[in-house]
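Undergrad: let me see the structure of the following:
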Amino acid sequence: CATSLAAVVGLLYPCIDSHLGEPHKFKREWASVMRCIAVFVGINHASAKLDFANNVQLSLTLAALSLGLWWTFDRSRSGLGLGITIAFVATLITQFLVYNGVYQYTSPDFLYIRSWLPCIFFSGGVTVGNIGRQLAM
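TA: Got it, this is the predicted structure:
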């Protein structure tokens, strides 16, 4: 289910680009896509392994890293908008699933989830979008 959702998101990026009439031309090669995947894996790993004084510092750091990932590998308005939309919708779905007992966090700090989770969703959306754009070429 998650794989098919990621494929839909990946295909959504080139569709939105063509609908807006803004073809994405920034860093269009597989080496850049692979670097983007590596940075995403690093951000995801940092969310689990880095110790910060509090969750606000961790969330702000991951937000800056996520925006840096978008700036380095995308830089499009459609990419930013879709990344924010994906982060918002995925966070709402996760909140709903945790609230209904499907999932559980040991120490939630943002309603029912961890505060850094939207940053991971944003980074993942940008990464999957880059893959989708490259495959659409």
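
Undergrad: Ser59 and Leu117 touch, don't they?
TA: No. With contact defined as C-beta atoms under 8 Å, Ser59 and Leu117 do not form a contacting pair (9.2 Å). (C-beta placed from N, C-alpha, C; glycine too.)

Undergrad: shaky segments in the chain?
TA: 1-3, 23-27 (pLDDT under 70).

Undergrad: and for the closest residue to Thr94 other than its chain neighbours, the neighbour number?
TA: For Thr94, ignoring the flanking residues on the chain, the nearest one in space by C-beta to C-beta, 6 or more residues apart in numbering is Ile113 at 5.5 Å. Ile113 is flanked by 18 other residues according to other C-beta atoms under 10 Å.

Undergrad: Ile113 and Gly81: what is the separation?
TA: 23 Å (C-beta to C-beta, to the nearest Å).

Undergrad: same check, this time on Leu67
TA: For Leu67, the distance to Gly81 - C-beta to C-beta - is 13 Å.

Undergrad: so between those two, which is more surrounded?
TA: Leu67 (16 against 12).
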